[in-house]
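[1] Next come a sequence and a model predicted from it.
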Amino acid sequence: SQQGEEDPQALSIQEGENATMNCSYKTSINNLQWYRQNSGRGLVHLILIRSNEREKHSGRLRVTLDTSKKSSSLLITASRAADTASYFCATAKMDSSYKLIFGSGTRLLVRP
Amino acid sequence: GAVVSQHPSRVICKSGTSVKIECRSLDFQATTMFWYRQFPKQSLMLMATSNEGSKATYEQGVEKDKFLINHASLTLSTLTVTSAHPEDSSFYICSAAGTGSTSGHFGNGTRLTVT
């Protein structure tokens, strides 16, 4: 069953603006990961944050994790048209860190 | 980095036929492989988990007799969609994980169209 819910479902911004996507989940986790998927293509792993971490950066990406609220956010700064894609959070449970349960996803459109 | 190859990338088959999708870990030993299904504009749903040499564990609602999974070696898992129907048309993606991995590695997916 799908564990995570993401909001917004769709987001349209102008190039150069920041994009923030949120993810909520239901059970205790080992780690949370964010993926990008271009239309009809495979997944690109963006970043992994462990349950004992609160924030992580990778280039223009910033991920936060609040285990007390069971939520995470992905911030893309200075967005580009090439960032247009669907973004999914995925959680790995404590007892099976490779088995991922995906959120519902956010479709991001960055207008040039 | 770890590479997972999935084949074929696209397949079209007639209703009632069976289709086999392969997932290979090219440069590491995959002790566990996962199979996901994604319908258009939806998220990935985990179908089953397979460990090398043992029977797959299916998620609730996934028919094990329809989606046959074989993980006979540490580098290959196959998903066979038996007696395919148009409603089985979907994007199927595998993920492979090995000892010491912090996360699974995904194949590029297979788009199945059943006519």
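    Happy to help now that I have it. All values derive from a computational prediction rather than experimental measurement. Residues are numbered from 1 along each chain as shown, chains lettered A, B, ... in the order given.

[2] CA only for contacts and neighbour counts going forward, please
    Noted.

[3] Not counting stretch B:42-56 itself, show me its contacts.
    Residues from elsewhere that reach stretch B:42-56 (CA atoms under 8 Å, 6 or more residues apart in numbering or on different chains): A:1-2, A:88, A:99-105, B:30-38, B:57-59, B:62, B:69-74, B:77.

[4] right, I mislabeled it, should have said stretch A:21-35
    Residues from elsewhere that reach stretch A:21-35, judged by CA under 8 Å, 6+ apart: A:3-8, A:43-51, A:67, A:70-75, A:87-95, A:97, A:103, A:106.

[5] Going through the contacts of stretch B:42-56, which ones are buried?
    Buried residues within the contacts of stretch B:42-56, defined by neighbour count using 16 or more other CA atoms under 10 Å in any protein chain shown: A:2, A:88, A:99-105, B:30-38, B:58, B:69-71, B:74, B:77.

[6] Just the ones in strands from those residues, please.
    Per DSSP state E, strands hold the following members of the buried ones among the contacts of stretch B:42-56: A:88, A:99-102, B:32-38, B:58, B:69-71, B:77.

[7] which residues in the chain form strands?
    Picking chain A for this. Under DSSP E, chain A gives strands at A:5-7, A:10-14, A:19-24, A:29-37, A:43-50, A:55-58, A:61-66, A:71-76, A:85-93, A:96-102, A:106-111.

[8] my bad, the chain I had in mind was chain B
    B:4-7, B:10-13, B:19-25, B:32-38, B:44-51, B:57-58, B:67-73, B:76-81, B:90-97, B:105-106, B:110-114.

[9] Stretch B:53-61 spans what distance, first to last residue?
    23 Å (CA to CA, to the nearest Å).

[10] let me redo that: stretch B:33-53
    This stretch, stretch B:33-53, spans 12 Å end to end (CA to CA).

[11] and what of stretch A:25-43?
    End-to-end for stretch A:25-43, by CA to CA: 20 Å.

[12] Over to stretch B:81-90?
    For stretch B:81-90, the end-to-end distance is 11 Å (CA to CA).
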